[in-house]
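Trainee: Model the following, please.
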Amino acid sequence: MAASEFISDAAIRFKLGRGPPSESGARPSLNRMAASDINLDAAIRARFSGSDGLDVAAPTQRRQLRFFKLIRIAMAPTKFDVLILGSGTSSQVPVISCLVAKPPRKGCGCCLSTLAPDGSGRKNARRNTSAIVQFQSPLTTSAQSPDKLSTVLIDVGKSFCEAAREHFPKHGLDRIDAVLLTHPHADAINGLDDLRAWTLDAVIQPTIPIYCNQSTFDEVAKIFPYMVKPGGGTGGGDIPAFQWHIIQTNVPFDLLGVQVSPLKVYHGCYFNDSGQPLSPYECLAFLFDQTFCYMSDVSSIPDSTWTALGCGPALSSLKRKMSNLTEKSFDDSDHPSISTASSRLDSSSSLASSAYESDRASPGLPLLIVDTLRLEPHISHFGIAEAVETAVKLRAHRTYLLGFTHGVTHECWKAACELIGGTSQLENLLSTGLLDNLKAATELGEDPQEFAQQALALCKHHVKDVLLWIRPAFDGLVISTDGVKTTDDFYL
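Mentor: Numbering: from 1, shown residues only. This next block holds a predicted model:
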C-alpha cells in the first residue's frame, strides 16, 4: 500500500473530533458521540453488504472497509479503570513526627489513627499521589485479545514501591505499558529506580516507555544519569531499562490507541533570593480521550488549558494572587506569567453563576481527579474552594479529591464533600446564617461536622446553584468511567 493511501489508526482517531477546539473552544468527545443513537456497525454492514455489489476483496474496497471499521473503533467508548495508588502530599501520611510525638507535643488524630490495630484508620494512610490507568485499546479487537488491558502508570514517587507491593498482587497487575510523569519533584520521580524490578533480566518486560516533557527529562538526567544514557552508571548495580519519549505541553499524542493531552498547569513558582517570584513552576495534568482529567499538582490553571478542556478563560477567582498563602509574602502583579486575583477564593455568587452559565453548552467532563491539599489555598496546591470551582467550571459528572496533607481525617473530608454537594442542606445553612459566623478555618480536622461547615463556607458561592458530586479519593480506590457513566468500588 502506498504511503499516501495508508491511514493510520491514530490519525483517524485524531481527525474524528480530536483536533483543535471549535470556535466555541470545545472539543467534541467521541465517547459522548458514541452514546448517541448512531449505529456505526449497522451502517458499515449496510455499506458493504447492500445491493451495490461491492467486492471487499478489491484493494480499494479493502481500504474503504478498513477506514469504516476504524471509524467504528474510534467512536466506540473506551472504558477506563483508575486505581489510586497514592492520595497524599509529598510528605505522605502518617507523618513520622506525629507518630513519635511525646508530651507535651501531641500527634494529629489523622496520623495516629493509622496505628489502630483494627485497620479503622486505613483510609488516612496516604502515599504520594499516583495512579494506574487501565483500558482496552480501542485498536485491539476483543477477538484478538479479549482480556488484554493496557496499563499506564502516572508518576513514580517515593512511595511507589510499597504501593506496588500492596496493590499489584491484589489487582493482578504486572506489566506496565507506559509511564506518564507530571513533573520532576521527588514525589513524582524518586521511585523510578524501583522499576528495575520489572526490567532486570526482562523478568516482566525488557523495557518501560516513559513519557514526559523536556524539563522533566532534563531533571531526571541530572539526578539519575544512569537512567537516560549508556555509561551513566558505575557498573556496580542493577539499573532499570527505559524508552524515553519527550512530549510537548498542550500537544495531544496517541498512547496505545487512546489520545492523551498533556495540559499545562502551575504548581507554585520559582523565587529569587529576596523571595520575589520569578516565574511559575510548570507541571502537567493529563486528559484522556476527553473523558477524564488527572490533575494531581496544581495551584493555578492557565487559559490555554481551560481552552483545551473545552472551557472559556479562567475565572478571576481561579487566577488567584499567590500572596498570603504561605509564610512568604510578595506581590506578583508585575509578573504577567503568574495569575493574579484575590488571595482567597471568596468570589461573589454572581461571578460563580456567570461562569456556570458560560459553559452550560458543554456536556461536561465525565471524571475529574484534582489536587486539594487542605481547606485554604497553598502556594503550590489548590485549596478546597479552588478544586470545587474547577469542578463546577468543567461541569464534572464526578470529582475526586487527592493530595491531602495530614491533620484532616478521611471522615472529615467525606463529610465536607457530602455537605458541599448537598444543595438542600446548603439552603438551610444559608438561611440560618450559620456559615457567616464560623470561626477562622482550622486545618486540623477531627470533627467532621465542624470541618464540613468550614469547607462549605469557603465554597458556598460556587455551589449555590449547581449540583455537584464530589468525594475524597483514598489509596486503593478504583474508579471506572466509559465517558457516559462513572462509578467506583466504595461510594454509592
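Trainee: start to end distance for stretch 152-159?
Mentor: One end of stretch 152-159 sits 17 Å from the other (C-alpha to C-alpha, to the nearest Å).
Trainee: brain fart, stretch 174-181
Mentor: Chord length of stretch 174-181, first to last residue, is 19 Å (C-alpha to C-alpha).
Trainee: Next, the buried residues of it.
Mentor: 176-181 (16 or more other C-beta atoms under 10 Å). All C-beta spots, glycine's among them, are computed from the backbone N, C-alpha and C.
Trainee: I'd like to know how many residues surround the nearest residue to Ala125 once chain neighbours are set aside.
Mentor: Once flanking residues are discounted, Ala125 sits nearest to Thr114: 4.7 Å by C-beta to C-beta, 6 or more residues apart in numbering. Thr114 has 19 neighbouring residues, counting by other C-beta atoms under 10 Å.
Trainee: Relative to Arg471, which of the buried residues of stretch 174-181 is nearest.
Mentor: Taking C-beta to C-beta as the measure, Arg471 lies nearest Leu180 of the buried residues of stretch 174-181, at 23.6 Å.
Trainee: Need the CA coordinates for stretch 253-264. PDB is fine.
Mentor: Output of stretch 253-264 as PDB, limited to C-alpha atoms (Å, rounded to 0.1, in the frame of the first residue of the first chain):
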ATOM      1  CA  PHE A 253      -0.400  12.300  21.400                       C
ATOM      2  CA  ASP A 254      -1.600   8.800  20.800                       C
ATOM      3  CA  LEU A 255      -0.900   6.300  23.700                       C
ATOM      4  CA  LEU A 256      -1.800   2.700  23.000                       C
ATOM      5  CA  GLY A 257      -4.800   3.800  20.900                       C
ATOM      6  CA  VAL A 258      -6.000   6.500  23.300                       C
ATOM      7  CA  GLN A 259      -5.500  10.200  22.900                       C
ATOM      8  CA  VAL A 260      -3.700  11.800  25.900                       C
ATOM      9  CA  SER A 261      -3.400  15.500  26.200                       C
ATOM     10  CA  PRO A 262      -0.600  16.800  28.400                       C
ATOM     11  CA  LEU A 263      -2.000  20.100  29.800                       C
ATOM     12  CA  LYS A 264       0.000  22.900  31.400                       C
END
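Trainee: how about it: buried residues?
Mentor: For stretch 253-264, by 16+ other C-beta under 10 Å, it's 254-264.
Trainee: how far away is Leu367 from Ser300?
Mentor: 22 Å (C-beta to C-beta, to the nearest Å).
Trainee: Have a look at these two and say which one is more surrounded.
Mentor: Using other C-beta under 10 Å, the more surrounded residue of Leu367 and Ser300 is Ser300, with 25 against 22.
Trainee: re the thing from before, of the buried residues of stretch 253-264, just say which sits nearest to Gly157.
Mentor: The closest of those, once distances to Gly157 are taken by C-beta to C-beta, is Pro262, at 18.3 Å.
Trainee: residue contacts, that closest one?
Mentor: 180, 211, 213, 247-253, 284-286 (C-beta atoms under 8 Å, 6 or more residues apart in numbering).
Trainee: and the residue nearest to it when sequence neighbours are not counted, what are its bridge partners?
Mentor: With sequence-adjacent residues excluded and distances taken as C-beta to C-beta, 6+ apart, Pro262 is closest to Leu284, at 4.8 Å. Bridge pairing for Leu284 (DSSP bridges) gives the partners Lys264.
Trainee: Do I have it right that Leu284 meets Val265?
Mentor: Yes - counting by C-beta atoms under 8 Å, Leu284 touches Val265, with 7.1 Å between them.
Trainee: Between those two, which is the more surrounded one?
Mentor: Neighbours were counted for Leu284 and for Val265 using other C-beta under 10 Å; Leu284 has more, 31 against 24.
Trainee: any idea how far that one is from Phe160?
Mentor: Separation of Leu284 from Phe160 (C-beta to C-beta): 18 Å.
Trainee: Test my guess that Pro252 contacts Ser261.
Mentor: Yes - using C-beta under 8 Å, Pro252 is in contact with Ser261, at 4.4 Å.
Trainee: Any regions of the stretch 251-400 of the chain where pLDDT drops low?
Mentor: 314-362 (pLDDT under 70).
Trainee: Now do the helices in it.
Mentor: 303-308, 349-358, 384-393 (DSSP state H, counting those that start in this stretch).
Trainee: And the first one, what does it pack against?
Mentor: The elements that helix 303-308 packs onto, with contact taken as 3 or more C-beta pairs under 8 Å, 6 or more residues apart in numbering; DSSP states H and E, are strand 258-271.
Trainee: and Arg398, bridged to which residues?
Mentor: Bridge pairing for Arg398 - DSSP bridges - gives Leu367.
Trainee: Any idea how many residues pack against it?
Mentor: Quick note: Arg398 (other C-beta under 10 Å) scores 22 neighbours.
Trainee: quick one: it and Asp488, what's the gap?
Mentor: From Arg398 to Asp488 the distance is 8 Å (C-beta to C-beta).
Trainee: Spit out the residues that contact the two alike.
Mentor: Joint contacts of Arg398 and Asp488 (C-beta under 8 Å, 6+ apart) are Ile479.
Trainee: Does the residue nearest to Ala125 touch Gly121 like I think?
Mentor: Yes - using C-beta under 8 Å, Thr114 makes contact with Gly121 at a distance of 4.5 Å.
Trainee: can I assume Ser480 sits in a helix?
Mentor: No - counting by DSSP: H, G, I helix; E, B strand; the rest coil, Ser480 is not found in a helix; it is strand.
Trainee: Isn't it up against Asp81?
Mentor: Yes - between Ser480 and Asp81 there is a contact under C-beta under 8 Å: 5.0 Å.
Trainee: So between these two, which is more surrounded?
Mentor: Asp81 (18 against 15).
Trainee: Helix, strand or coil: sort out the closest residue to that one other than its chain neighbours for me.
Mentor: Among residues not flanking Asp81 along the chain, Gln134 sits closest, at 4.5 Å (C-beta to C-beta, 6+ apart). Taken by three-state DSSP, the conformation at Gln134 corresponds to strand.
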